[in-house]
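J.: got a predicted structure plus its sequence, pasted below:
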Amino acid sequence: MAYAALVSLAQLLDQILDHDEHTNYFRHEKLQIKSLHQNTLSLLNFLEDYPGEAALLEGRITTAANQSEDTIEHHISDQILSLQISESSDLYWQKLYGSLRESMEEIDSILKEVKQVRSSSSASKEHSSGSFSPRLAPKRKNDAVLGLEEDAMKLKGRLCGEYVYDDPLIVHHFDVRVWVTISLNYSIRRILLDLVSFIGVSNKELHKFDSDALLFGYVYKYLKRRRYLIVMDDLWNTNVFDDVRMIFPDDSNGSRIVVTTRQLDVASYADPSGRFHRVELMNMDQSWNLLREKVFANREHCPPELEQIGKLIVENCRGLPLAIVVIAGVLRKANQTQDTWRNIARNVKGAFDGSDEQFMEILSLSYTYLPHCLRPCFLYMGGFPEDHEISASKVIKLWAAEGFVKSNGSKNQEEVAEEYLEDLAKRSLVLVVKKRFNSRIKAVKIHDLLRDLCLRKSQEENFLHVINEFSVDSLKVDCSHIHTLLLFQHEALHSWRSFSLLRVVDALSVIFDFYPDDIFELFHLRYLAFTFDYLQKGLHYEIPKSFSKLKNLRTLIIRQFNGYYGFRATCCFTCSQRMLEMIPNLKKLGITYSSDDLYEQEWSKYCLNNLVHLHKLEELKFHAMPHDYDRSDLSRNLVFPLTMKKLTLSGCNLPWESMTIVGSLPNLEVLKLKKGAFRGLEWEMTEGEFCRLKVLVMDRTDPRVWITESSHFPTLEVLVLRECYTLSEIPYSVCEIQTLEQIKVDCCNSSIGESAKQIQEEVQSFGNDVEVLTITSQLEPALDTGMDFFKR
């Protein structure tokens, strides 16, 4: 993984050269480090400019870069732990340079070969032979569903496929629709939890179901006498069907259970009558239409000179939609020339002859034609479990912490990483399963075949290893060279000292009842996430001062576990001056205060006014668990930093008159008011506030009267009202907000939905348009325990 290794090494050398304390001692060694830095950048440019020719040198480049980086980081760790910087600086840098000599000589040797490649390759040849452009994919319209129209028409009565699942007639016909993905490694409890969540139970209520029997009973009772459609997607064996079929009541009312599978015996078992539907391979016309739509979505037609080659490509895909979609992602990014398309056509024809192994080869073309900057990001997705919903914000932070994403001009690492994720989605390499209000990606999944490809390529390039049962003894590599641990099952880790170069530890599944001292010796750690059992320590605990030793730490996630509520976010956090000095660069924070703590102490004890000193804080989630609403001194103790861009409040019980605390924030773009955030019958807004607010969400916190003018929201784009039963209507002046794009009404009074429609009609009469989404539910209002504030 040459690109990732070089970017990471370049960033490390940047830090060393920018740190005067370490670089002014020994001039000769400093010049050598500068030379290594320049050579690293030269190799990066070579990878980007000559992607095809670089393939022969990638293995050597990766080894040399990794060796250099590990050598430097080992020396830094030794130096930090020895605490002998001033007296041994000269000796230290001499020793470092001596250790680097071998890898630096190898890099010099590689650069000589690179120079020969550059001189022997003309610019015209290099550009015409390249089969992709390293720039990110352009924005394009949503892809149409093609090739399944005939199946959809046949199956509207029998309901097979997501295309039919979302058909308006199907949505209208069934009272309940649930789509559950099963996959090869399934868990009955996980299936039951998915069913319960799908039919409307929020995360905060899941702690009530401490046994599978309770989950089973809840699902059965809810579905009883309702017409339901259950889609069980991707079954691999018959045991799953036996385990769950009794959950679904048979009331002879037209309910349907749909099973999708790749196994004929599973289909036969689910429907012994043999009436199962087999989705046939696409014919030539369907295949060509699908490829053409995917590649030329923003054009009227395919260029005539490419049509014959394109049809040859789809012919060799043998009617497999996934193969066509993947190859289309390659073609969409490739140069639109006959030579490039012929080269891809030859690779497709040689890769596929019908066997599973060779089908993996056709999928591997999507990796071969990726820009180098996207390759490590794509392979990293293989480290997540099959069918795992991957948080976009989490994977973006992980990519940045790993060091293989470099900043680009005015954009920082996380902004560039977000563009990379969007590009992987546009290439059909990840599936977007959730989006935010502003249409940015919130969560993704990866198809299991593409995940298999990630694992194969990762093994070939020694990039990533996935094991089912983790222990130090089970690792087949030297722990001192491991940079990342992603743990998805509860594992016992008794010592961290052997992992001296760790950068990322994502161990939320590991429950600690104490802070391991040796974890604070991991100087290079940038991302740390774990679960702390605070019952072992009592409700009140403090983050140890030792965390200040982790100078490179960018992301710290401490999720708490107690026996009753399960998992929680950072709880009962006292914003002392000492604590805030430890985290001056914090950008995102979530705090929960429990009712027991608020009963014992006044809000002033938590020093919330000190939050104003977090000068880089951009996002805050603040939640107070249900408590005595007569205690209203929070508004006198709560001050937010002016850098805030996104704020979520819940259970705060603030009077609406205190909204100026929030409205005066000059950079606030997203405001979410959840249950109990504010109290009172009337919210009358004032001028000069919410100058940049784009998204306003009112979720179970609504006044009876809302008085506002269009000037109060000069930049509002999205308004969401969820479970608002007190508010009678949306203020009519909302229709005059020029920037408004969407109003979403979810399970509110019918009068609110009617006022939203009236606003839409009024906006249309002005020649503009606003989207209005109205959602109704048969569920009763959910029992609130305050636990839906932080979602897993």
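T.: Yep, it's here. Numbering: from 1, shown residues only.
J.: name the helices or strands packed onto the longest helix belonging to the chain?
T.: Ranked by number of residues, the top helix in the chain under DSSP state H is helix 89-120. Contact here means 3 or more C-beta pairs under 8 Å, 6 or more residues apart in numbering; DSSP states H and E; on that basis helix 89-120 packs against helix 27-49, helix 58-82. (Each C-beta comes from the backbone N, C-alpha and C, glycine too.)
J.: tell me which residues in the shortest one are buried?
T.: Of the residues in helix 27-49, those with enough neighbours to count as buried (16 or more other C-beta atoms under 10 Å) are 29-30, 32-33, 36-37, 39-40, 43-44, 46-47, 49.
J.: same check on the longest one?
T.: The neighbour-count check on helix 58-82 (16+ other C-beta under 10 Å) flags 58, 61-77, 79 as buried.
J.: any idea which helix or strand comes after the helix or strand bottoming out on mean pLDDT in the chain?
T.: In the chain, no helix or strand scores lower on mean pLDDT, DSSP states H and E than strand 566-568, which sits at a mean of 37. Scanning forward in sequence from strand 566-568 by DSSP states H and E, the next helix or strand is helix 577-582.
J.: and that next one, how far out from the chain's middle?
T.: Its chain's C-alpha centre and that of helix 577-582 lie 30 Å apart, by C-alpha atoms, centre = their mean, to the nearest Å.
J.: rewinding a little: flag whichever of the buried residues of helix 27-49 scores worst on pLDDT.
T.: Across the buried residues of helix 27-49, the bottom pLDDT score, 61, is held by Glu29.
J.: before we move on, the earlier item: which of the buried residues of helix 27-49 sit farthest apart?
T.: Glu29 and Asp49 (30.5 Å; C-beta to C-beta).
J.: distance to Asp212 for the helices and strands packed on helix 89-120 - can I get that in a markdown table?
T.: Listed next are these as a markdown table, based on distance: least, C-beta to C-beta, whole Å:
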| stretch | distance to Asp212 |
| --- | --- |
| helix 27-49 | 51 |
| helix 58-82 | 46 |
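J.: ok, now which ones touch the residue nearest to the spatial centre of the chain?
T.: Among the residues of the chain, the one closest to the centroid is Ala392, at 1.6 Å (C-alpha atoms, centre = their mean). Residues counted as contacts of Ala392 (C-beta atoms under 8 Å, 6 or more residues apart in numbering) are Glu418, Leu421, Arg440, Ile441, Lys442, Ala443, Val444.
J.: one more time with 10 Å
T.: 417-418, 421-422, 425, 430, 432-436, 440-444 (C-beta atoms under 10 Å, 6 or more residues apart in numbering).
J.: over to Arg60?
T.: Contact analysis of Arg60 by C-beta under 10 Å, 6+ apart lists Ala2, Glu106, Ile107, Ser109, Ile110, Glu113.
J.: which of these are buried?
T.: Ala2, Glu106, Ile107, Ile110.
J.: if you skip the residues just before and after it, what's nearest to the second one?
T.: Distances taken as C-beta to C-beta, 6 or more residues apart in numbering put Ala64 closest to Glu106, at 4.4 Å, once the chain neighbours are dropped.
J.: which residues sit in contact with that neighbour?
T.: By C-beta under 10 Å, 6+ apart, Ala64 lies in contact with 2, 5-6, 9, 39-40, 43, 57, 102-110.
J.: could you redo the last one with a cut-off of 7 Å?
T.: Residues near Ala64 by C-beta atoms under 7 Å, 6 or more residues apart in numbering: Ser103, Glu106, Ile107, Ile110.
J.: and the strands in the stretch 501-650 of the chain?
T.: Assigned by DSSP state E, counting those that start in this stretch, the stretch 501-650 of the chain shows strands spanning 504-512, 527-533, 555-562, 566-568, 588-593, 619-624, 646-650.
J.: of those strands, which shows the lowest average pLDDT?
T.: strand 566-568 (a mean of 37).
J.: show me what stretch 365-380 is in contact with.
T.: By C-beta under 7 Å, 6+ apart, the list of residues contacting stretch 365-380 from outside reads 1, 3-4, 47-48, 51, 131-132, 134, 326-327, 329-330, 333-334, 347-348, 351, 399, 404, 420, 423-424, 427, 429, 453-454, 457-458, 463-464.
J.: sorry, back to before: and which of the contacts of Ala392 is nearest to Val670?
T.: Closest approach to Val670 among the contacts of Ala392 (C-beta to C-beta): Arg436, at 8.8 Å.
J.: dihedrals phi and psi, Val432?
T.: With angles defined as degrees, to the nearest 10, Val432 sits at phi -80, psi 120.
J.: same thing with the one 4 residues further on?
T.: When quoted as degrees, to the nearest 10, the phi and psi of Arg436 stand at phi -90, psi 180.
J.: so what's it closest to, chain neighbours aside?
T.: Among residues not flanking Arg436 along the chain, Lys442 sits closest, at 4.9 Å (C-beta to C-beta, 6+ apart).
J.: and the one you found, how many neighbours?
T.: 15 (other C-beta atoms under 10 Å).
J.: over to Tyr50?
T.: Applying other C-beta under 10 Å, we find 18 residues neighbouring Tyr50.
J.: ok, now the one 5 residues further on?
T.: By other C-beta under 10 Å, 12 other residues sit near Ala55.
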